[in-house]
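Enquirer: Need a 3D model of the following:
(one chain, ligands or ions: 1)
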Amino acid sequence: MNEKAASWALVLDDEQTITELLDITLAEMGFSVQVAHDLRGAREALELHSYALCLTDLRLPDGSGLDFVRHIHRHAPQVPVAVITAYSSTEGAVEAMQAGAFDFMTKPIDLKRLRRLVEQARALAVLTPDGANNGIERLVGDSEAMRALRQQIQLLARSNAPVFLTGESGTGKELSARAIHDAGPRRDKPFIAVNCAAIPEGLLESELFGSEKGAFTGANQKREGLFLAADSGTLFLDEIGDVPMAMQVKLLRALQERSIRPIGASSEVPVDIRLITATHRNLQEMVHAGTFRADLYYRIHVVPLQIPPLRQRQGDIPLLVAALLRKIAQRQGKAPPSMEAGALHWLAQQPFPGNVRELENLLERAFALHAGAEITLQDLSAEGTIRPAQMPSMARLSPLAERLQSAEQEFLRAQLAAARNDVTICAQNLGIGQRSLALRLQLCEKRGPHADNT
Ligand SMILES: Nc1ncnc2c1ncn2[C@@H]1O[C@H](COP(=O)(O)OP(=O)(O)OP(=O)(O)O)[C@@H](O)[C@H]1O
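Expert: Predicted coordinates:
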C-alpha cells in the first residue's frame with residue numbers, strides 16, 4: 001500500500017449526521033474520507049481505492065453491514081473494518097467480530113473512543129505480517145495443530161475481538177494469550193494476566209476494579225484495579241469459570257459499558273482493554289447447570305480458540321525439548337545441554353497429562369541433575385523426577401539402554417566402595433554434585449536385583 005492509499009478511509013452509513021461527524025473527525029486525524037450510503041456504493045468504492053480503514057453501520061438501506069464485513073474479509077483482508085451498532089446492547093457486534101471486524105463502536109458515537117479505534121487501525125498497518133519477533137514464534141511446535149494455532153493467532157492479533165481459550169492445564173493458554181497481545185497493535189501497552197481462581201472471592205472485585213481509600217475496612221489507600229492497569233492493553237482472565245456468580249454480573253457490566261466503578265467511587269471510569277479469557281472447565285456445561293451466566297459466556301466467547309493437549313502433538317516434543325532446555329539453561333546463565341537420543345526417544349512417547357508444563361518441570365529437574373554435556377535417560381528417571389507410573393520399565397528399555405543402565409549402577413557402586421562409602425568424596429571424584437549422586441544411588445537401590453543380574 002502506498003503512502004497516499006494508506007490515508008484513505010471509507011465510511012459506510014446512511015445517516016448524514018453520522019457520516020458528517022466521522023468525516024470531520026477522520027479528516028482531523030489526517031485521512032481522506034470517502035463516504036458511501038449503501039452497500040453497492042461501498043463495494044464500488046472498495047474496487048477503486050485501497051483503504052487504511054473502513055467504518056460501517058450495521059443497518060443499511062440495501063442490506064446488512066455484516067455482509068460488507070464479510071466482503072472485505074474475502075476481498076481485502078488487510079483492510080481493518082469496524083462496525084457501528086445502534087444500541088448499547090452491542091447487538092450484532094459479536095457477529096461482526098466473528099465475521100472479521102476488528103472492533104465495534106456504539107451510537108451515539110463517543111469521539112474519544114473513535115479516535116482510539118482509529119489509532120489502533122493505524123497501528124495495524126505497520127504490523128509485520130510474519131510471526132518473527134512478535135511472540136508467536138515462542139509457541140514452539142511443527143505439528144499441524146501448532147501451525148494452525150500460530151496462523152489463527154496471527155489473524156486474531158489484528159482484531160480487538162474477545163478471545164476465549166480452552167485447553168487442559170499446561171497446554172500453553174497463557175503463552176498464546178501473550179502471543180496474541182505481542183503480535184497486535186497493543187503490543188507496546190500492558191499485558192496483565194490474572195488467575196481468577198487464585199484470588200479469594202471477597203477480594204476479586206477490588207483486585208479487578210480497584211477501590212477508593214476508606215471504601216472498606218482495611219482500605220488504607222486508593223488502589224488501582226487490574227482493569228485500569230491493563231488500560232489500552234490486554235487483560236487476560238485465566239480460570240474465568242471460577243469467577244463467582246455475583247462477580248460475573250459486574251464483569252458483564254464492565255465489558256458492556258467499557259467502564260468500571262472502583263469500590264467506593266462515585267462515578268465510572270472508562271477503560272479500553274482487549275479481553276482474553278481462558279479456562280480448562282467446560283463453560284457450556286456450567287451455563288446449562290446455571291453456574292455461569294449465559295450472557296457473560298456470549299460476551300467472552302466471541303472467538304473460541306482450542307489449544308490441543310501435548311499427547312495429540314507428540315511429534316512436537318523434540319522441538320519443545322530443545323527450546324525448553326535453551327530457556328532453562330539461559331535462566332541459569334549456562335550453555336544448553338543436548339539430550340541423549342534414547343532419552344529423547346523415550347520422552348517423545350510419554351503422554352504428559354500435565355502437558356508442556358509437566359515436560360518443562362521434568363526437564364528442569366533433569367537439568368539440575370545432569371553431570372555431562374548431555375541429559376541422559378538416567379537424569380530423567382532419577383527419583384522424584386518421573387512419577388512411578390511413568391518410570392520406564394526395564395521391559396520397555398532398549399537392550400543398549402538397559403546395558404548402559406546396568407553399567408552405570410555397577411560403576412557407581414564400585415566408586416562408592418572405593419571412596420569408603422563417603423558420598424562427598426565419591427561425588428568429588430566423579431565431578432558431580434552430591435545431590436545428583438545421592439539420587440542416582442537411590443535409583444540403584446531400587447533396581448538392585450536388576451543390577452545383580454548383569
Ligand atoms: N508451544 C509451546 N512452546 C514453548 N513453550 C510452551 C508451549 N506451550 C507451553 N509452553 C510453556 O509451558 C508452560 C505452561 O504454559 P502456560 O502457562 O501458557 O499454560 P496454561 O495452559 O496457561 O496453563 P494453566 O491452565 O495451568 O494456567 C510455560 O512455561 C510455557 O512457556
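Enquirer: give the contact list for Leu175.
Expert: 138-139 (Cβ atoms under 8 Å, 6 or more residues apart in numbering). Just so you know, the C-beta spots here come from the backbone N, C-alpha and C atoms, and that holds for glycine as well.
Enquirer: so where does it fall, helix or strand?
Expert: Using DSSP states H and E, the element containing Leu175 is helix 173-182.
Enquirer: CA atoms only for that helix, dumped as CSV, please.
Expert: Extracted C-alpha coordinates of helix 173-182, given in CSV (Å, rounded to 0.1, in the frame of the first residue of the first chain):
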residue,chain,number,x,y,z
LYS,A,173,-3.0,-20.9,27.1
GLU,A,174,-1.2,-18.0,28.7
LEU,A,175,1.6,-18.2,26.2
SER,A,176,-1.0,-18.0,23.4
ALA,A,177,-2.7,-15.0,25.1
ARG,A,178,0.7,-13.2,25.3
ALA,A,179,1.3,-14.0,21.6
ILE,A,180,-2.0,-12.5,20.6
HIS,A,181,-1.1,-9.4,22.5
ASP,A,182,2.5,-9.2,21.3
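Enquirer: Return the set of buried residues in it.
Expert: By neighbour count, with 16 or more other Cβ atoms under 10 Å as the criterion, the buried positions of helix 173-182 are 173-174, 176-182.
Enquirer: how about that helix, does it reach the ligand?
Expert: Yes. Counting by Cβ under 6 Å from any ligand atom, the ligand has neighbours in helix 173-182: 173-175.
Enquirer: Also stretch 155-170?
Expert: Yes. Stretch 155-170 is in contact with the ligand by Cβ under 6 Å from any ligand atom, via 167, 169-170.
Enquirer: Pick the one among the residues you listed closest to the ligand.
Expert: Among the residues of stretch 155-170 next to the ligand, Ser169 lies closest to the ligand (Cβ to the nearest ligand atom), at 3.7 Å.
Enquirer: Pull up the gap between Pro190 and the ligand, please.
Expert: Here the criterion is Cβ to the nearest ligand atom, to the nearest Å. By it, Pro190 lies 18 Å from the ligand.
Enquirer: And the pLDDT for that residue?
Expert: With respect to pLDDT, Pro190 scores 97.
Enquirer: so what's the residue of the chain found nearest the ligand up against?
Expert: The ligand sits closest to Gly172 of the chain, with a gap of 2.7 Å, by Cβ to the nearest ligand atom. Going by Cβ under 8 Å, 6+ apart, Gly172 touches 139, 307, 355-356.
Enquirer: Would you mind naming what in the protein lies close to the ligand?
Expert: 139-141, 167, 169-175, 238, 280, 320, 323, 356-357, 360.
Enquirer: Quick check: can you list the domain ranges of this structure?
Expert: Segmentation of the chain into domains, based on automatic domain parsing, reads 3-125, 136-306, 310-392, 396-454.
Enquirer: which one of those domains has the lowest average pLDDT?
Expert: Across these, the lowest-scoring stretch is domain 396-454, with a mean of 68.
Enquirer: Okay, buried residues for the helix or strand harbouring Leu208 please.
Expert: Secondary-structure assignment from DSSP H and E places Leu208 in helix 201-209. Neighbour-count burial for helix 201-209, counted by 16+ other Cβ under 10 Å, picks out 204-209.
Enquirer: any idea which helix or strand comes after that helix?
Expert: Using DSSP H and E, the helix or strand that follows helix 201-209 in sequence is strand 210-211.
Enquirer: center of the protein - which residue?
Expert: Ala177 (1.9 Å; Cα atoms, centre = their mean).
Enquirer: right, and that one touches Arg274 too?
Expert: No. Taking contacts as Cβ atoms under 8 Å, Ala177 lies outside contact range of Arg274: 9.9 Å.
Enquirer: Common neighbours of those two, please.
Expert: Thr234.
Enquirer: residue contacts, the spatially closest residue to Thr424 that is not a sequence neighbour?
Expert: Nearest residue to Thr424 in three dimensions, chain neighbours excluded: Gln434, at 6.1 Å (Cβ to Cβ, 6 or more residues apart in numbering). Gln434 makes contact with 423-424, 427 under the criterion Cβ under 8 Å, 6+ apart.
Enquirer: who touches Ser211 in this structure?
Expert: Applying Cβ under 8 Å, 6+ apart to Ser211 gives the contacts 219, 222-223, 225, 262-264.
Enquirer: go again using 10 Å as the cut-off
Expert: Taking Cβ atoms under 10 Å, 6 or more residues apart in numbering as the criterion, Ser211 is in contact with 203, 205, 218-219, 221-225, 262-265.
Enquirer: between those, which is nearest Ala82?
Expert: Nearest to Ala82 among the contacts of Ser211 is Gly225, at 27.0 Å by Cβ to Cβ.
Enquirer: CA atoms of the host helix or strand of Arg70 as PDB?
Expert: Using DSSP H and E, Arg70 falls within helix 65-75. C-alpha atoms of helix 65-75 as PDB (Å, rounded to 0.1, in the frame of the first residue of the first chain):
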ATOM      1  CA  GLY A  65     -23.200  -4.100   7.300                       C
ATOM      2  CA  LEU A  66     -22.200  -7.700   8.200                       C
ATOM      3  CA  ASP A  67     -22.300  -8.500   4.500                       C
ATOM      4  CA  PHE A  68     -19.800  -5.700   3.900                       C
ATOM      5  CA  VAL A  69     -17.600  -7.000   6.700                       C
ATOM      6  CA  ARG A  70     -17.600 -10.500   5.000                       C
ATOM      7  CA  HIS A  71     -17.000  -8.900   1.600                       C
ATOM      8  CA  ILE A  72     -13.900  -7.100   2.900                       C
ATOM      9  CA  HIS A  73     -12.700 -10.100   4.800                       C
ATOM     10  CA  ARG A  74     -12.800 -12.100   1.500                       C
ATOM     11  CA  HIS A  75     -11.600  -9.500  -1.000                       C
END
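Enquirer: Great, nothing more from me.
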